[in-house]
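Student: Build me a model from this:
(4 chains)
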There are 2 protein chains.
Amino acid sequence: MNLYEQQQPPRKRNVTQMMIAHGVNLTKQRRIIADVLFERNQHVTADQLFDLVKQTGCRVSKATVYNTLGLFARKGLVREIFIDASRTFYDSNNSHHHHFYNVDTGDLIDIKDRLAAHFIEQDLPEGTSMDVVDLVVRVKNIKP
Amino acid sequence: MNLYEQQQPPRKRNVTQMMIAHGVNLTKQRRIIADVLFERNQHVTADQLFDLVKQTGCRVSKATVYNTLGLFARKGLVREIFIDASRTFYDSNNSHHHHFYNVDTGDLIDIKDRLAAHFIEQDLPEGTSMDVVDLVVRVKNIKP
DNA sequence: GGTTAATATTAGAATTAGTCTAAATTTAAA
DNA sequence: TTTAAATTTAGACTAATTCTAATATTAACC
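Tutor: Numbering: from 1, shown residues only, chains lettered A, B, ... in the order given. All right, here's what the predicted structure looks like:
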């Protein structure tokens, strides 16, 4: 069994449609941010995304990048990954998957396993429903 | 199948022995911190633990609490749980388990499931070994 | 035990990711 | 088109955590 997500072909996603579908109002800045973010599957911090946006020449404030990522996360357009207290990543691939995080290299790799979640879904605490399964498998390099 | 960790009877753990076993040098402050931390299975932030220590009347600086928790985590005495960018919990139960986190209430509950980890362990990225599996199942209250 | 080297502790300063504020602007509604 | 609601912005602010560098404690060695 292979847990790795197949490298998906670069998707030309219709971000406008995505945003509407998720109940996110369209604005100029949100389009700019979404265009950069959903250009490909990636894991970025808010700061990294801010820089990426800047590189396009469009001006969007840092506050808006933070606000927009928070909004996108709440609306299910992106997934938040909390690696540690100073490393919050946003995953532009919002499909159900998990991650390998290499504590040595900082690499963050997708896992396509769904089993854990299915398993757990059957036995949630009383009165609750599943929100999100965050599974981060921290791996380290085998030292030579 | 029941995923919940049985509430373990309050353990009177020998913290001195634990620290030696994990290669942590003994100091007055570390004993104080460990005594409070391992008094029972609990999830605490560094700040909460700092307060708990203060309540015992012993004086330990905040920096030492942070340093010591970091050290304990590196040495495997406690587990770090990153709930979000401003919420790092330390779990005094370092045995292999996962968590339910209720995004509505902030409750953090143990899960005893081991299956996910076993599964993943068989297919790690090339050249890496398992460090830690962090599985946080975020649940939300079913609204009435 | 006494001397030296290594480790640990401390208060407070510094950092930094992220949030807040309040004014200006844009978008939606009526 | 006038009004209301939502969004953006720069920069101030917050809070968790780390850093600094001086002091104190512990371990290592003779």
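Student: contacting residues around A:V53?
Tutor: Neighbouring residues of A:V53 by Cβ atoms under 8 Å, 6 or more residues apart in numbering or on different chains: A:32-33, A:36, A:60, A:65. Just so you know, the C-beta spots here come from the backbone N, C-alpha and C atoms, and that holds for glycine as well.
Student: so which of the residues you listed are also by DNA strand D?
Tutor: Contacts with DNA strand D within the contacts of A:V53, as defined by Cβ under 7 Å from any atom of the strand: A:V60.
Student: need the residues of chain A near DNA strand D, please.
Tutor: Going by Cβ under 7 Å from any atom of the strand, the residues of chain A near DNA strand D are A:25, A:27-30, A:59-64, A:67-68, A:85-86.
Student: repeat that with 10 Å
Tutor: Residues of chain A that fall close to DNA strand D, judged by Cβ under 10 Å from any atom of the strand: A:23-33, A:53, A:58-68, A:71, A:84-86.
Student: and the longest helix seen in chain A, C-alpha only, in PDB?
Tutor: The residue-count maximum for a helix in chain A (DSSP state H) belongs to helix A:62-75. Extracted in PDB, the C-alpha atoms of helix A:62-75 (Å, rounded to 0.1, in the frame of the first residue of the first chain):
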ATOM      1  CA  LYS A  62      -0.300  41.700   5.000                       C
ATOM      2  CA  ALA A  63      -3.400  42.100   7.100                       C
ATOM      3  CA  THR A  64      -5.500  41.100   4.100                       C
ATOM      4  CA  VAL A  65      -3.400  38.100   3.400                       C
ATOM      5  CA  TYR A  66      -3.800  36.900   7.000                       C
ATOM      6  CA  ASN A  67      -7.500  37.700   7.000                       C
ATOM      7  CA  THR A  68      -8.100  36.000   3.700                       C
ATOM      8  CA  LEU A  69      -6.300  32.900   4.700                       C
ATOM      9  CA  GLY A  70      -8.300  32.700   7.900                       C
ATOM     10  CA  LEU A  71     -11.500  33.200   5.900                       C
ATOM     11  CA  PHE A  72     -10.500  30.600   3.300                       C
ATOM     12  CA  ALA A  73      -9.800  28.100   6.100                       C
ATOM     13  CA  ARG A  74     -13.100  28.700   7.800                       C
ATOM     14  CA  LYS A  75     -14.900  28.300   4.500                       C
END
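Student: residues making contact with that helix?
Tutor: Outside helix A:62-75, the residues that touch it by Cβ under 8 Å, 6+ apart are A:22-24, A:29-30, A:33-34, A:37, A:46-47, A:49-50, A:53, A:78-80, A:90.
Student: out of the residues you listed, which are buried?
Tutor: Neighbour counting over the contacts of helix A:62-75 (16 or more other Cβ atoms under 10 Å in any protein chain shown) leaves A:24, A:29-30, A:33-34, A:37, A:46, A:49-50, A:53, A:78-80, A:90 as the buried ones.
Student: between these, which is nearest chain B?
Tutor: Set against chain B, the nearest of those by Cβ to the nearest Cβ is A:E80 (7.6 Å).
Student: Help me confirm that the closest one comes into contact with A:N94.
Tutor: No - using Cβ atoms under 8 Å, A:E80 makes no contact with A:N94, being 10.4 Å away.
Student: Lowest-scoring secondary structure element of chain A by mean pLDDT?
Tutor: The weakest-scoring helix or strand in chain A, judged by mean pLDDT, DSSP states H and E, is helix A:115-121 (a mean of 63).
Student: What ranges does chain A have for its helices?
Tutor: Secondary structure of chain A (DSSP H): helices located at A:15-21, A:28-37, A:46-55, A:62-75, A:115-121.
Student: The third one vs helix A:62-75, what angle?
Tutor: Per axes from the mean of the first three to the mean of the last three Cα atoms, to 10 degrees, the angle that helix A:46-55 makes with helix A:62-75 is 120 degrees.
Student: Nice, that's everything, thank you.
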